[in-house]
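A.B. asks: sequence below, structure please.
(chains A and B)
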Amino acid sequence: MKRIFSIFNLSHRYKFPIWGSLLILLTTVVISGALLFKAYQDMRQDLINSSSSLANTLVNNVFQPLLEDDIWQVFETISAPLAVTHIQDLMLPKNILILDNDFKVVVSTTPMLIPMGTRIDQLTPEYGILIQRILNSAASPLKTYDMEDAQNIYVAAPVLNEGFSLGTLIVVHSKDVLTPRLYRTALHGGLVGLLVLLILLPINWSWGQRLARPLVLLTERMKMLRTGDIDNLETKVYPYQDEVGQLLSAYHQIVEEHEKSEALEKQIIHSERLAAVGRLAAGVAHEINNPLGGMITAIDTLKSYGEMDARTAKTVDLIARGLTQIKETVGALLVESRVKSRQLEPQDFEDIRNLVLPQARDKALLFDWRSSLARSLPLQANQVRQVLINLLLNAIHAANQKGLVICTVAEQDQALRMHVENDGAQLSQEQLLHLFEPFSPISQTGHGLGLWITYQIVQQLGGNIAVEQVNDHVIFTVTLPFEEASTA
Amino acid sequence: MNMSSRLLACHLRRFLWLCAAMLFFGCAAGAAPINGTIRIGLPDSLLHQQYVLLSEWRQYLTNRLKRPVDFVLHKKPDEATVQLDTGKLDFAWVTDYPNAHVKGRIRLLAQPLYKGQPFFTSYLIVPTYNHATSSLLQLKGAVFAFTDANQTGSYLDVRFQLLMAGEDPDQFFSKVVLTRSHREVIKAVTLGLTHAGEVDSMVWDLLARMRPEQTAQTRIVARSLPYAAPPWVANTHVDQSDFDELQRVLIGMASDAKGAELLTRIGIDGFVAGAESTFEHNIKMRRAVGAE
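C.D. replies: Have a look, this model is predicted:
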């Protein structure tokens, strides 16, 4: 049972061909069997026909000798068809016998087995049945009667002339003579069947494999979907639009949607983490800022009014500088974009360009500037400037010597879109993941807060910042929607 | 279809037999040896379709007599007698001599010698698997094979023996099968068609020598008393010179090589001039069974 079950668990790659092969085998066997059965029936009918004709001929030939009681002549006549010849495949009768009207054996071709004078009831019961049938159909115009049992076929003919009966002639055929013929027919049929199988089975196997291939492929891809190792299916594998084709295209859709949702999920997680980090940083900064303010004021007061020896003054200076540094750092963490500033003017971009141009020149960069703005936009000018300056300085810093930096600024769908592109070193997956976090490890020169601040500002302005790497270029894209109050 | 071919073979055999018979029959029947052809009737029961042998014998006689000889092979013993009676035959080897019906129209020509004597015996044979039978009288109710119902030779001998033993020859056997040839008697016994048979010793001995496998399946139970060998007879219309000539040639067969070879193949030693005295026992038997 278990073994059978394991057969059902087999891959379609094998199941299709196996079932197909079984079906072909079954068909071949059934057809061969039917043909063989037909052949047997035909052979049997042939036997009965030729036997009937023999019986009729013999009846004509033995009538006269029987009438004269010339037993030897009768014996010779009925023995002649049984003589062994060189002809193979000859369906010789096993025995021929003649009964008189009292159903006693007049003579048989096997006198040792069926001697003269044997009564019919001393023979096998089949003879009795045969005789009964002949008696029952005495009025019938039939010349011969046939009957068969497990081993023999009997054909009987009355020894009759002008209605005068001398008895009955019975030709007995052993069915064994059919067997070698049947065997030869079976062998012949078997060889042809084998040839057909030899042709059909490989075709079936290849067809089964073909049919199973997209299914198998699909199954493998499904497994990959679970492990996250997704790869697009080769559409060439199955170019037809039948059920399998539709299944494959449905699978494609699922994969695409899966990919999209996964990307979205990742992005959400990333954003949430950044937001949490932002809140934490802002909270810490606020908590530090208040006592820090007091401390700096106290130090200033001490420095202004206190009389200190040189050593103390030096120490106080040291503390004052440290506190100032803390204040700057904390201040940087406290990105405050809610402060209202003026609207963004096209001139602002010219200013930015002029600001960063010297640094671009230092690295001999090709600095491609594409700005199509012609009007002032409802956006906070200071914050936008800070964002763009940060991104440009980063880009210039990251770009190769004599490299390329492209800046595109455009108004699109009630939003400002800014692209900053450089040809510098590519960012790793790990780097991309932590790109917008404070104290980013990417930064080699600054404190690593540049992109963090940029991100915070963009977030606070309700915009979106994304990074992508296309053709060895790192591209930052910032989208900032126009403020509604202003547009309204 | 196969059956038809079997039957065809059967018919073919008969046809060949007929052709052979025609060959020996020769030209159309006439009254006397007008054109010099001597017509001789021969019994198939003794010679059993040995056509090559007959052909050679005919040629031998033709050469010796310097005259054409025709052989007519008779399947039934009385065919020869009838043809002698109607004058269609000049000479014949008859198996039913002395037949009172034609006795006045024929003359005894010669008798075959078997073991140096003009007498034959007959053998009572049974199949070898029959170990029980040791005498004819044990075969009461049996199926019995004879060559023919001739009131001479083996048939006569058996009937005579039965009569002497106080049995009714007509009731003793349950069934009598007549095979028309001594060889066929042996075959009938071998095949088990009959329980026993009576066969001329000449034929059995010849067959035992030439085809031992055919006699190996039979056992000789008893040998009969010698009775006169079937003689050659001449029609009364035959000239004395022709009579003498054929008698001389037949008797001389044993003394030349070809003749001796033919005699061996026929199964006899030679011929002697026929003597009525040899038939005394036959006549006695015939009288006993009421045939004469």
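A.B. asks: dihedrals phi and psi, A:Q343?
C.D. replies: Note on A:Q343: backbone dihedrals following degrees, to the nearest 10 are phi -70, psi 160.
A.B. asks: I'd like the distance between the residue nearest to A:F349 when sequence neighbours are not counted and chain B.
C.D. replies: Once flanking residues are discounted, A:F349 sits nearest to A:S371: 5.0 Å by CB to CB, 6 or more residues apart in numbering or on different chains. Any C-beta I mention is one placed from the backbone N, CA and C, and that applies to glycine too. Plainly put, A:S371 is 109 Å away from chain B if you go by CB to the nearest CB, to the nearest Å.
A.B. asks: specify the beta-bridge partners of A:S371.
C.D. replies: Counting by DSSP bridges, A:S371 is bridged to A:V409.
A.B. asks: same thing with B:F271?
C.D. replies: B:P112.
A.B. asks: so what's it up against?
C.D. replies: Residues in contact with B:F271 (CB atoms under 8 Å, 6 or more residues apart in numbering or on different chains) are B:A110, B:Q111, B:P112, B:L113, B:W232, B:L250, B:I251, B:M253, B:A254.
A.B. asks: in contact with the fifth one, which residues?
C.D. replies: With contacts taken as CB under 8 Å, 6+ apart, B:W232 has the following neighbours: B:F91, B:A92, B:W93, B:V94, B:L108, B:L109, B:A110, B:Q111, B:L246, B:L250, B:F271, B:G274.
A.B. asks: go through the residues you listed and name the one nearest A:V284.
C.D. replies: The shortest gap between A:V284 and any of the contacts of B:W232 belongs to B:W93, at 154.3 Å (CB to CB).
A.B. asks: follow-up on the earlier one: TSV please, covering the contacts of B:W232 and showing pLDDT.
C.D. replies: Below are the contacts of B:W232 laid out as TSV (pLDDT from 0 to 100):
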residue	pLDDT
B:F91	91
B:A92	90
B:W93	90
B:V94	87
B:L108	89
B:L109	91
B:A110	93
B:Q111	93
B:L246	91
B:L250	92
B:F271	93
B:G274	84
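A.B. asks: all the helices of the stretch 51-200 of chain B, in order from the start?
C.D. replies: With DSSP state H, counting those that start in this stretch as the criterion, the stretch 51-200 of chain B has helices at B:51-65, B:77-85, B:153-164, B:169-172, B:182-191.
A.B. asks: least confident of those, on average?
C.D. replies: Comparing mean pLDDT across the helices of the stretch 51-200 of chain B, the weakest is helix B:77-85, with a mean of 79.
A.B. asks: what's the angle from it to helix B:153-164?
C.D. replies: Angle, helix B:77-85 to helix B:153-164, by axes from the mean of the first three to the mean of the last three CA atoms, to 10 degrees: 120 degrees.
A.B. asks: ok, what's across the strand from B:K175?
C.D. replies: B:V143.
A.B. asks: residue contacts, it?
C.D. replies: A:I71, A:M116, A:G117, B:V143, B:F144, B:T194.
A.B. asks: filter the residues you listed down to the buried ones.
C.D. replies: A:I71, A:M116, B:V143, B:F144, B:T194 (16 or more other CB atoms under 10 Å in any protein chain shown).
A.B. asks: a markdown table for the residues you listed, including distance to A:L334?
C.D. replies: Converted to a markdown table, the buried ones among the contacts of B:K175 look like this (distance: CB to CB, whole Å):
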| residue | distance to A:L334 |
| --- | --- |
| A:I71 | 141 |
| A:M116 | 137 |
| B:V143 | 141 |
| B:F144 | 146 |
| B:T194 | 141 |
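A.B. asks: skip the chain neighbours and tell me the closest residue to the residue in the stretch 101-250 of chain B positioned nearest to chain A.
C.D. replies: Nearest to chain A in the stretch 101-250 of chain B, going by CB to the nearest CB, is B:G192, at a distance of 3.7 Å. Nearest non-adjacent residue to B:G192, counting by CB to CB, 6+ apart: A:M112, 3.7 Å away.
A.B. asks: check which helix or strand the one you found maps to.
C.D. replies: A:M112 belongs to no helix or strand when assigned by DSSP states H and E.
A.B. asks: the residue of the stretch 101-250 of chain B closest to chain A: neighbour count?
C.D. replies: B:G192: 19 surrounding residues under other CB atoms under 10 Å in any protein chain shown.
A.B. asks: residues contacting it?
C.D. replies: A:P111, A:M112, A:P115, B:P127.
A.B. asks: now A:L35
C.D. replies: A:G189.
A.B. asks: do the same with A:F482
C.D. replies: So A:F482 contacts A:L377, A:P378, A:L379, A:Q414, A:A415, A:L416 (CB under 8 Å, 6+ apart).
A.B. asks: quick one on the thing from earlier: in strands, which of the contacts of B:W232 fall?
C.D. replies: B:F91, B:A92, B:W93, B:L108, B:L109, B:A110, B:Q111, B:F271 (DSSP state E).
A.B. asks: my guess is the second one meets B:V238, correct?
C.D. replies: Think B:A92. No. At 10.9 Å, B:A92 does not count as touching B:V238 under the criterion of CB atoms under 8 Å.
A.B. asks: so for the host helix or strand of A:R181, what's the average pLDDT?
C.D. replies: Per DSSP H and E, A:R181 falls inside helix A:178-227. Across helix A:178-227, pLDDT averages out at 83.
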